[in-house]
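Q: Model the following, please.
(chains A, B, C and D)
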There are 2 protein chains.
Amino acid sequence: MSTDQLSTTFHALADPTRRAILASLTTGEKTVTDLAKPFDMTMPAITKHLKVLEKAKLIERSRDAQYRPCHLNPAPLKNVDEWMEQYRKFWEASFDRLDDYLKQLKTKEKSDENRKKPNRRNNRQ
Amino acid sequence: MSTDQLSTTFHALADPTRRAILASLTTGEKTVTDLAKPFDMTMPAITKHLKVLEKAKLIERSRDAQYRPCHLNPAPLKNVDEWMEQYRKFWEASFDRLDDYLKQLKTKEKSDENRKKPNRRNNRQ
DNA sequence: ACTCTATTTTACCAATAGGTTAATTAATAA
DNA sequence: TTATTAATTAACCTATTGGTAAAATAGAGT
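A: Sure, this is the predicted structure:
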C-alpha cells in the first residue's frame, strides 16, 4: 500500500468491516468488545482493523481501566471530500445529460444529436 | 480485497498512480500510452492499474484501431459522495467546536465547560 | 509481406492484507 | 493472591497487490 495520507485513508475505507466500525462509532465512543460484537470474527482480527483505522487517523483511542475506547475522527474524511471536489462537476454533468435524455424521450425529437462521437485523437501527440 | 461496490471503489482510489490517472482523464479521453507518460513505470504496470479502475467502473474503454482510449466514469465517485453524507455533520461539528474555542480564547470566559467528559460506559452492556 | 506502434498476456517476484489459534499483558474483583 | 475480563502480540497461513521482463496479439502504413 502507498504511504501518502489519501491512499492510507482510502485503503482503510476499502473494507466493509472497517466501514461498519466507523458507522458504529457515529453513535459515540465504544470499546473493542462492543465494536467486535456484530462481526463473525475473532478479536485479533478486530484489533488489526482498528490499527488500520488508527494509522489512517480515522479513529483515536483513549484509556479507561482495562478498556481502550475508540472514537471517530472525521478529519481524513474531510480530506476525501475535498479531493472529491474536482470530480463533482462530472457527475452533475452526467445527471444533466440524463435529464436532457429524458426530455428527449418525452418530446421524441432531435434524437440524432446524441450519436455524435467525440474526436478521440485530439490528445495524442 | 472485499468484492462489494464501495470496497472496490475505495480500493481503486487507494493508489496515487490510479488517482493521477483519473485526474488526467478529467481533461478528456486518453490512450494508454498517453496515460503512462508521466509515470516511471512499465506499460504492463499501467495496464494493471487500468484494469483495477475498469473493474471499479471508474473508467470505461473503447476501441479505435490499435488504441484503447479510456474515459472517466464518475458514477462510483457519486456513490462515495453519498456514503460520505452520513459523516459530513461530524467534521462540520468539529469546525463548530473549533470556532467556539476560538471565540472563548477571545473572550477568555466560561473555559471550564470544555473539560466535561462524556460518560464512556453508557454503551456497554 | 514486412515493419512499426499500441497494448496485453504470461510468468515471475517480494511485500502486504486479512484471517486464524495460542500465548501474553494488564486491570478489576473476589 | 487468584481468577476474570479486555485487549494485544506472536506465529502462522493463504490470497492479493504492485511491480518486472519477455513474449504475444493486433492494427496501420509502406
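
Q: near DNA strand C, which residues of chain A?
A: Taking CB under 7 Å from any atom of the strand as the measure of proximity, chain A contacts DNA strand C at A:1, A:11, A:14-15, A:17, A:40-42, A:44-45, A:48-49, A:52, A:65-66. Just so you know, the C-beta spots here come from the backbone N, C-alpha and C atoms, and that holds for glycine as well.

Q: let's see it at 6 Å
A: Counting by CB under 6 Å from any atom of the strand, chain A comes close to DNA strand C at A:1, A:11, A:15, A:17, A:41-42, A:44-45, A:48-49, A:52, A:65-66.

Q: And the residues you listed, which two are furthest apart?
A: Maximum pairwise distance among those (CB to CB): 33.9 Å, between A:M1 and A:A65.

Q: who's more crowded, these two?
A: A:M1 (12 against 6; other CB atoms under 10 Å in any protein chain shown).

Q: Could you find the closest non-adjacent residue to that one?
A: Leaving aside its chain neighbours, A:M1 sits nearest to A:H11 (5.1 Å; criterion: CB to CB, 6 or more residues apart in numbering or on different chains).

Q: same check, this time on A:T31
A: Closest residue in space to A:T31, ignoring its immediate chain neighbours: A:Y67 at 4.7 Å, by CB to CB, 6+ apart.

Q: go on, A:I21?
A: Leaving aside its sequence neighbours, A:I21 sits nearest to A:L35 (CB to CB, 6+ apart; 5.4 Å).

Q: Show me where chain A has its strands.
A: Defined through DSSP state E, the strands belonging to chain A, from first to last, are A:59-61, A:70-72.

Q: which strands and helices sit next to the first one?
A: With contacts defined as 3 or more CB pairs under 8 Å, 6 or more residues apart in numbering or on different chains; DSSP states H and E, the secondary structure elements packing on strand A:59-61 are helix A:16-25, helix A:43-55, strand A:70-72.

Q: and if you look at the last one?
A: Taking 3+ CB pairs under 8 Å, 6+ apart as the contact definition, the neighbouring helices and strands of strand A:70-72 are helix A:16-25, strand A:59-61.

Q: Throw these into a markdown table and include mean pLDDT and mean neighbour count, thanks.
A: Shown next, in a markdown table, are the helices and strands packed on strand A:70-72 (pLDDT from 0 to 100; neighbours: other CB atoms under 10 Å in any protein chain shown):
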| stretch | mean pLDDT | mean neighbour count |
| --- | --- | --- |
| helix A:16-25 | 98 | 19 |
| strand A:59-61 | 97 | 18 |
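
Q: Next to DNA strand D, which bits of chain A? Give me the list.
A: A:T31, A:V32, A:T33, A:M43, A:P44, A:T47, A:L50, A:Q66, A:Y67, A:R68.

Q: got any ranges where chain A has weak pLDDT?
A: Low-confidence regions of chain A, defined by pLDDT under 70, span residues A:94-125.

Q: where along it do the helices fall?
A: Listed from the start of the chain, chain A has helices (DSSP state H) covering A:5-13, A:16-25, A:32-36, A:43-55, A:75-107.

Q: Since that was my last question, I'll sign off now.
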